[in-house]
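**Student:** pasted the sequence and its predicted model underneath.
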Amino acid sequence: MSENKINKILIIRLSALGDTIHTLPLAYAIKEKYPMVQLDWIVEDKAADFIINNPLIDRVFIIPKRKWKNNKNKISNLKEYSKIIKEIQKEQYDVVIDTQQLLKSAVIMGLSKGKRRIALDSGRELSGIFANEIIKTGLQQFDINFHVVKRNMLIAKYLGCSDDVINFILPDFESELNENLKEIFSDKKKKTIVISPATTWQNKHWANENWSEVINKLKDEYRIIITATENDKKAINEILNIVEINENIINLTGMTTLKDLVYIFKNTDLVITPDSGSCHMAWAVNHPYIISLFFSTSKKRTAPFGNKYYSLQADINCSPCMKKKCHNNEINACNKKIEAKEVINIVKKVLH
């Protein structure tokens, strides 16, 4: 593909948060190869923070999914959707890339009127019917042994870009920070560990008693910051109920935005997290050590990779099952198959 034939490229990656972050290296590779290309992105509101004002992206189209979900007037939702599609069509994209490969993303690609509509093979929900170029990989979309970032980089290679540099570029959120965070991190006397226990799938959770044991064993030597959403307060309270609380434990549950989390991860020494948005954000900031825990999902598919990253997979024959709901006779048996001492030993090794 010659550079002078590409003026505009649109990436379709609507959700979720982690998958959006995993697509950023593709955007970086495209801009490195084609710096003068207008690179645009269509994303749902939930993951939009990492695309709006991103220096890699020239124009952002936002699907306001949360607003539409709460709006009972479906006709007005459809009109707003139609307006977004018309704005996309006006751009007359040379290349449209569907990295989501679901029906909802494929329909956008089909309606975009892009000249070249590119997708990988093995898409779900017949998503490939709207593409006019299918990249043959021989891989399943949810191949548990092939990393999703490397899968996205197959598109980079197809476009003539380098596929061997994995670089995450995030917007600059510094001016939007909660000032209290800066005060928390001004004290450099102790090394800081962020614990982000929550995730959206129950099958991705680690047993609460293991989190409690990790906090109890580390709280005297390290500063422990706990992050989670308001919806996770019950689980966090259950974890902390069997913890001997001291001044080193700072519970920020329900008190941080996604933008705040980026700052937190940039200023911490180590993050402990299951397979979650927090895990992928911590990787994207390229600063802390990360210990990531995998139960129903595959560490080979989504764990951070590199010298500073440690991932543990539950040692049970049904893991990874890639299922949101457990079908084991002993429900969520995998959640207990990683021991707290394994995590503590890694912490001691890297923060000695």
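**Tutor:** Sure thing, it's come through. All of these numbers come straight from a predicted model, not from anything done at the bench.

**Student:** quick one: Pro304 and Ile290 touch, right?
**Tutor:** Yes. With contact defined as CB atoms under 8 Å, Pro304 counts as touching Ile290 (5.2 Å). Every C-beta, even on glycine, is put in place using the N, C-alpha and C of the backbone.

**Student:** ok, what's across the strand from Pro274?
**Tutor:** Leu293 (DSSP bridges).

**Student:** hey, what's in contact with both of Pro304 and Ile290?
**Tutor:** Cys279, Ala282, Trp283 (CB atoms under 8 Å, 6 or more residues apart in numbering).

**Student:** what's the nearest residue to the first one if we skip its chain neighbours?
**Tutor:** The one in question is Cys279. Of all residues not flanking Cys279 in the chain, Thr273 sits nearest, at 4.4 Å (CB to CB, 6 or more residues apart in numbering).

**Student:** measure that neighbour to Arg116 for me?
**Tutor:** 38 Å (CB to CB, to the nearest Å).

**Student:** okay, the two: which has more neighbours?
**Tutor:** Thr273 (27 against 17; other CB atoms under 10 Å).

**Student:** how close does the more buried one sit to Asp143?
**Tutor:** Taking CB to CB, one finds Thr273 at 23 Å from Asp143.

**Student:** for His280, same thing?
**Tutor:** 18 Å.

**Student:** and stretch 41-48, how far from the chain's centre?
**Tutor:** On the basis of CA atoms, centre = their mean, to the nearest Å, stretch 41-48 sits 12 Å off its chain's mean C-alpha point.

**Student:** ends of that stretch, how far apart?
**Tutor:** Terminal residues of stretch 41-48 lie 10 Å apart, using CA to CA, to the nearest Å.

**Student:** give me the mean pLDDT for that stretch.
**Tutor:** For stretch 41-48, mean pLDDT rounds to 95.

**Student:** quick one, helices of the stretch 201-350 of the chain?
**Tutor:** Secondary structure of the stretch 201-350 of the chain (DSSP state H, counting those that start in this stretch): helices located at 208-218, 233-240, 258-266, 277-285, 299-302, 340-350.

**Student:** tell me the most buried of those?
**Tutor:** For the helices of the stretch 201-350 of the chain, the largest average neighbour count (mean count of other CB atoms under 10 Å) is found in helix 277-285, namely a mean of 25.

**Student:** I'd say Phe50 and Ile21 touch.
**Tutor:** Yes. In this structure, Phe50 is within contact of Ile21 by CB under 8 Å, at 6.2 Å.

**Student:** who touches both of the two?
**Tutor:** Joint contacts of Phe50 and Ile21 (CB under 8 Å, 6+ apart) are Ala284.

**Student:** between these two, who's got more neighbours?
**Tutor:** Phe50 (26 against 21).

**Student:** residues touching the more buried one, list them.
**Tutor:** Contacts of Phe50 (CB under 8 Å, 6+ apart): Leu17, Thr20, Ile21, Leu24, Leu170, Pro171, Leu258, Ala284.

**Student:** now the last one: closest residue in space, sequence neighbours ignored.
**Tutor:** Among residues not flanking Ala284 along the chain, Phe168 sits closest, at 3.9 Å (CB to CB, 6+ apart).

**Student:** and that neighbour, what does it touch?
**Tutor:** By CB under 8 Å, 6+ apart, the contact set of Phe168 is Ile21, Leu24, Pro25, Tyr28, Trp283, Ala284, Val285, Asn286.

**Student:** what kind of secondary structure is it in?
**Tutor:** What DSSP: H, G, I helix; E, B strand; the rest coil gives for Phe168 is coil.

**Student:** hey, where'd the strands end up in the stretch 101-250 of the chain?
**Tutor:** Residue ranges of the strands in the stretch 101-250 of the chain, as given by DSSP state E, counting those that start in this stretch, are 116-120, 133-135, 192-195, 223-226, 249-251.
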